[in-house]
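J.: Based on what follows, work out the 3D shape:
(chains A and B)
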Amino acid sequence: MDISKWPLNRIMQLPDWCFGRRWWVGTYVGTQADVVNYFVIEESVPDIFVLWDVLIAAAGHTAGTHTNVTFRLCPQVPTAANIKTFDRLMRNMSHRAQMYDIHLPPVSTTHLGPMRNVINAGNNRIGGAIKIVAETANCENTVACLISSIPREVPDYLG
Amino acid sequence: MNIEKWEIERIMQLPDWCFGKQWQVSVMAWASGGVASFDISEDAYPDRMVLWHVGLWCYYAVGADQYIKLALGHQLPTDDAAFMLCEPLLRGIGRSGPDPRRIELFSNAPSPTIPLRMPIEAQGKRLVVEAYAAAEKYIRVHVITVISSMPKEVPDWLISGQAAWR
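T.: Numbering: from 1, shown residues only, chains lettered A, B, ... in the order given. As a prediction, the model looks like this:
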């Protein structure tokens, strides 16, 4: 059955397995200590996709530091001048006045999911910025998003 | 099939996927110097919702004497008395005794998200947090809730009895 004309809310009421393959898109961020490190995930994402999980793996941080992260929908690596002009990947995660969405303890591997969030990326990719605040040594980090596309066909009996 | 008139207990027996999209609403707060601080989420919750997960990340916590409380409210509280007039978000996981909402924070370990499946009549309220750290301490806390709205429609086949073999 073709469901490409179903409203998104109805599609999102389909069982998880109807969304098929899920895959990670992510990037290594070899951050410089105590500075803002901007990134973009090279792999493109569907125009509209389901976000099932977000992974932030921050390694090598020392006590007294913390990790600030923001995810944005942007066409290329954001800069200090333009990052606030790009939409957040996840709404409601922070106040508009704040650049960062996520504030984490040092040395953490954090999953923000599971979730079932619909993201309208348009022609953008997933980018953002990460800063290990008050760190004195360079650190190695990974950020990644577990995504799937939106189904266009399902078995007739699900209609 | 329209299920708007179903009782909440019956709706909560539906499979997870019937609840559709799940998204985050979060708050952040930092406290120090023995003074409570407050934050309120930017967006309101749906009138009726399901709370699926709560994630709680704290840093700079050392020893005892730092805690948070979570509630549902329309406005940013200005003090603890105003906060305590707000409806609690979670019941039964705080400290026993005279201040049962208090969730003590003893370390900086990142919390896994706490899985729930809790229906809440939020009536457009927002997530509110109170954070406190004793005079010589400083904490920052990020609380993320993952929620969905309540379904109003489900496929007919789910109710007709044919779902068992699908």
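
J.: Residue A:14 looks like it's in a helix, true?
T.: No - Residue A:14 is assigned coil when assessed by DSSP: H, G, I helix; E, B strand; the rest coil, not a helix.

J.: Touching, it and residue B:17? I think so.
T.: Yes - judged on CB atoms under 8 Å, residue A:14 makes contact with residue B:17 at a distance of 6.3 Å. In this view, the C-beta of every residue, glycine as well, is placed from N, C-alpha and C.

J.: Flag every residue of chain A that's near chain B.
T.: Residues of chain A lying close to chain B (CB under 8 Å from any CB of the partner chain) are A:8-10, A:12-16, A:64, A:66, A:90-96, A:98, A:102-106, A:108-118, A:157-159.

J.: So which of those are in strands?
T.: Secondary structure defined by DSSP state E assigns A:66, A:102, A:103, A:104, A:108, A:109, A:110, A:111, A:117, A:118 of those to strands.

J.: Just the helices from chain A, written as ranges.
T.: Per DSSP state H, chain A carries helices over the ranges A:8-11.

J.: ugh, wrong one, chain B
T.: Ranges of helices in chain B, per DSSP H, are B:8-11, B:80-84, B:156-159.

J.: Can you name the residues that contact the closest residue to residue B:80 other than its chain neighbours?
T.: The shortest distance from residue B:80 to any non-neighbouring residue, by CB to CB, 6 or more residues apart in numbering or on different chains, is to residue B:36 (5.6 Å). By CB atoms under 8 Å, 6 or more residues apart in numbering or on different chains, the contact set of residue B:36 is B:79, B:80, B:83, B:130, B:131, B:132.

J.: Mind listing the residues bridging to the last one?
T.: Beta bridges link residue B:132 to residue B:67 when assigned by DSSP bridges.

J.: Name the spans of chain A whose pLDDT lies under the cut-off.
T.: Filtered on pLDDT under 70, chain A yields the residue ranges A:60, A:96.

J.: any idea how far residue B:146 lies from chain A?
T.: 5 Å (CB to the nearest CB, to the nearest Å).

J.: correct me, but that residue touches residue B:45?
T.: No - at 11.8 Å, residue B:146 does not count as touching residue B:45 under the criterion of CB under 8 Å.

J.: Now mean neighbour count too, for the helices of chain B, in TSV please.
T.: Formatted as TSV, these follow (neighbours: other CB atoms under 10 Å in any protein chain shown):
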stretch	mean neighbour count
helix B:8-11	12
helix B:80-84	14
helix B:156-159	14
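
J.: Redo these as JSON lines? Include mean pLDDT.
T.: Putting the helices of chain B into JSON lines (pLDDT from 0 to 100) gives the following:
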{"stretch": "helix B:8-11", "mean pLDDT": "93"}
{"stretch": "helix B:80-84", "mean pLDDT": "93"}
{"stretch": "helix B:156-159", "mean pLDDT": "82"}
